[in-house]
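Q: What follows is a predicted structure for the sequence shown.
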Amino acid sequence: MKKTGKCLRKACVFLLMLALTTSALPFRTQVFAEGFDYATALKYAIEFYDANKCGKEAADDNVFEWRTGPCHVTDGVDVGLDLTGGFHDAGDHVKFGLPQGYTASVLGWSIYEFREVFDATGNTEKMLSQLKYFTDYFLKCHPDPTTFYYQLGDGIIDHQYWGAPELQIEERPTLYVANPSNPATDVVGETVAALALMYLNYKSIDSAYADKCLKAAKELYQLCKVSPKIGDYQFFYQSTSMYDDLAWGAIWLYVAEKDEQYMIEAKEYALQKNINQEDPLKNKWTMCWDNMYLAAHLKIAELTGDTIFKTSVESNLDYWIHTLDKTPAGLRVLHYWGVLRYAAAESMIAFLFNRISPNPKYLDFAQSQMDYILGKNPENMSYEVGFGSKWSSFVHHRAAQGGQGYENNADKTPAKYVLRGALIGGPDKTDTFKESVDEYQYTEVAIDYNAAFVGALAGMAKHLGTLPSIKPSPTPAVTPTTPNGDKHKITGFIYPDFSVSSQYSAYVKAGFKVGIKDTNIESFTDSNGFFEISGVPESSKGIDLTISKKNYLKKEITNIVVNGDIQLSTNTDPILMWIGDTNGDGSINMSDIMAYALVFNSISGDEKYKQDLDANQDGVINMSDIIIVAKHFGASINTITGS
C-alpha cells in the first residue's frame, strides 16, 4: 500500500506540473466538419447496393420499394446450376466478375478497418448483410474446387434493353468460367480477397459460414496462382494486370491464417509488372477494379513494416496531393469517366495510410475530396444521390429511372425514383456537370464506384465527423448455418468506467473484444456496449474470458461454468473497464501518464493527436482525460472469478 500511495502522489504532482506548464498555452477548441453528416452519408452509400440486387431474394431486406420482386431467376440454368443472386454491375444488369470481386473485397476491407465506426453509426448489420449477399453468390459460383463462374449475362445483348430488371425475363448465358485451363487470375484473385475478408468479418457471428468462405478462398487461390492468366472478357472490364489481384488475395489469406508463405507470395506478386510493363512501385493510379497494387502495398507495409511498400504508397499520395491535375475547385482528376470514384478511392487510401504514417496532409486531402463530393463544389450539389438538398435527377440507372423501353424517349426523362446513396460519375475537369442520362461519364453509377466511397466515408466519420449521428443498431442476429447442439451463448454489457457525453457514448462503448481464452471464439461489443458470444461449448470445469480494447487495462473473468446460456451483466450493472494502459504492459503507471504528456493539449486534426488516448472522445486531450486515467493509477490486470 505504501508503494502504491507513493506512486499515486508522484502522478498527482506530475499532473499538477503538467497543468501549470500548459495553462499558458493558447486555449484550443475542437473544430468539427462543416455541416456534413458523414454517418448518414455512409448509411445511404451502403444501402445503395439494395438497388442493384439480383436474384430470387432481390426484394428482401431492401430499402427501395421500387425493387418489387425477384429478377433473373434462371441464371445458371444453361450449366445446370443455380447461379442466381449477386449484384447487377451498374445501370445495366450483367453480373461481371471483376468489378463484383473488387467491390466485395473493398467493402469487406472497409468494415474490417473501420468496424468501430460501423458499430457506432448503426451500420454494421446492413453492411454485413450486403457482404453476405455477395459471398452467397460467390459460393454458388464455386461448385467444386477447380471451377468458378464469373460472368452472367451478355453485355452487348443486355445493353439493348432499357427497363426494370424484374421485367427482363429472358434466359441469360453463363458466359465465362474459370478453371485450370483458364484460371482468370484477376477475377478470381479479387474473389479470394472478398471471401477471406468475409471469414474475418463474420467468424464471430456464424463461424460455420465463415469457415465455408475461407475454404472456398483457399481453393480459389490455388486455382488462380498455378498458371496465372488474365480472364476472358467482352469489351467490358478489360484487365491490364493480375498479379496485383493475386497479391490482394494472398494478403487476406495471410491475415486469416497467419501462414507466412502467403505473405512471401504476396510480396512477390505485388512487385510484378502489369501487361504494359509499368513499375508498380511508381504507380500513379489509385485503387480500382483494374489496379490493386496500391491497396496491396499499403496493407503489406502495415503488416510487415517493409519500407519499399511504404514508400510506394507515400509517393503515390504525394503525387495525388501535389502533382495530379485538378479542377479549379480542387477535385483531383485521374480520368474523365467517373472521376469521383477515383477521388473517393484515394481518400480511403489516405485515411488508412495515415494510421501507418500520421500526417495532417492526408486527412486534409481526403476531406477536400470527400466534401467536394458531398456538396462543397461549384455546382453546390451532392454527387451522392439523395444526400443533402440537391442532386442529379438524370442518373443512368434503369431501375431508378423507371422508363420501360426506348419509345417516346422513355429512357431520357428524369428519374422516377431516388437512387439514394449512389455515387455518380461526377463533373469534368472544369467542375462542370452535365445533367443527362446519355452522358454516362457524368451520371452513371456502379457497384465499384460506391465501394471505396463507403470506406472513405467511414474514414470521414471517424476522423472528421461526430459519432454517432444516427440511431445505433444492435449486433446482427444471424441464424447459424449448423445446429448449435450442446453449445450456448454468453451475453452481457461492457462500459468504460467513466462518464461520457451521449454524443460520444456509442463510440466509446463499441469495440471491446470478448474472447474465450485459448480458443478462436470471440465477439465485440456494439455501440450499446452489448456483446454476444455464440457457439460456447459446455464446461463443468469452467472457461476463462478475456476482455480487451486498445488503451484499456485487460480484464479476465475466470472459472465460468457453462451448462446453458449465460448473461454475465446487464445495461444497469455492466462490466466496467479501466482506461489508461497505453502500452499494453498490464498496468496503469507513470509510463502511461508520460504517453499522455506527449499529446497533451492536442485536438483532433493535430499531427500529435491520438484518438485512442482521447478517453472521453471529445476531440481534445486535456486534464479531463488524464483525471480519468489517474482514477485507477497503479492498477494491474483485473481478474474476476465467474460463476
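A: Here it is on my side, so go on. Residues are numbered from 1 along each chain as shown.

Q: Report the central residue of this protein.
A: Centroid-nearest residue in the chain: S110, 1.2 Å away (criterion: C-alpha atoms, centre = their mean).

Q: Walking through the stretch 301-450 of the chain, point out its helices one by one.
A: 307-322, 339-356, 360-374, 398-401, 440-443, 447-463 (DSSP state H, counting those that start in this stretch).

Q: which of the ones you listed is buried the deepest?
A: Compared across these, helix 447-463 shows the largest average neighbour count, a mean of 28 (mean count of other C-beta atoms under 10 Å). Just so you know, the C-beta spots here come from the backbone N, C-alpha and C atoms, and that holds for glycine as well.

Q: Centre of the chain to that helix, how far?
A: Distance of helix 447-463 from the chain centroid (C-alpha atoms, centre = their mean, to the nearest Å) equals 7 Å.

Q: what about that helix, average pLDDT?
A: For helix 447-463, the mean pLDDT works out to 97.

Q: likewise stretch 292-312?
A: Rounded mean pLDDT across stretch 292-312 is 97.

Q: Please state the offset of it from the chain centre?
A: Using C-alpha atoms, centre = their mean, the offset of stretch 292-312 from its chain centre is 18 Å.

Q: So which of the helices of the stretch 301-450 of the chain is nearest F498?
A: Closest to F498 of these is helix 447-463 (C-beta to C-beta; 21.0 Å).

Q: Now do that closest one against helix 360-374, angle only.
A: 120 degrees (axes from the mean of the first three to the mean of the last three C-alpha atoms, to 10 degrees).

Q: I'd like the helices of the stretch 301-450 of the chain as a markdown table, with distance to L598 appended.
A: Below are the helices of the stretch 301-450 of the chain laid out as a markdown table (distance: least, C-beta to C-beta, whole Å):
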| stretch | distance to L598 |
| --- | --- |
| helix 307-322 | 23 |
| helix 339-356 | 18 |
| helix 360-374 | 17 |
| helix 398-401 | 51 |
| helix 440-443 | 48 |
| helix 447-463 | 20 |
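
Q: What segments of the stretch 101-250 of the chain are strands?
A: With DSSP state E, counting those that start in this stretch as the criterion, the stretch 101-250 of the chain has strands at 148-152, 174-178.

Q: And those strands: which comes nearest T572?
A: strand 148-152 (50.8 Å).

Q: Return the list of helices and strands in contact with the closest one.
A: Under the contact definition 3 or more C-beta pairs under 8 Å, 6 or more residues apart in numbering; DSSP states H and E, strand 148-152 sits against strand 95-96, helix 97-113, strand 174-178, helix 185-202.

Q: What are the contacting residues of the shortest one?
A: This points to strand 95-96. With contact meaning C-beta atoms under 8 Å, 6 or more residues apart in numbering, strand 95-96 is reached by 54, 75, 86-89, 137, 150-153, 155, 236-237.

Q: Chain neighbours aside, what residue packs nearest to the residue nearest to the centre of the chain?
A: Excluding its sequence neighbours, the residue lying closest to S110 (C-beta to C-beta, 6 or more residues apart in numbering) is G455, at 3.5 Å.

Q: now do K549
A: Sequence neighbours aside, F512 is the residue nearest to K549 in space, at 4.7 Å (criterion: C-beta to C-beta, 6+ apart).

Q: so what's that neighbour up against?
A: I494, F524, T525, G529, F531, I547, S548, K549, Y552, M577.

Q: quick one: which of those residues is nearest L331?
A: Nearest to L331 among the contacts of F512: F524, at 36.4 Å, using C-beta to C-beta.

Q: Wait, the closest one touches F531, no?
A: Yes: with contacts counted by C-beta atoms under 8 Å, F524 reaches F531, the gap being 6.6 Å.

Q: Please say which of the two ends up with more neighbours.
A: More crowded of F524 and F531, by other C-beta atoms under 10 Å: F531, with 24 against 21.

Q: Got phi/psi on that one?
A: phi -130, psi 160 (degrees, to the nearest 10).

Q: Stretch 376-396: end-to-end distance?
A: One end of stretch 376-396 sits 23 Å from the other (C-alpha to C-alpha, to the nearest Å).

Q: Give me the contact list for it.
A: With C-beta under 8 Å, 6+ apart as the test, stretch 376-396 has contacts from 34, 40-41, 44-45, 90-91, 328-329, 331, 340, 373-375, 401, 414-415, 418-424, 426-427, 431-433, 435-440, 443-445, 453.
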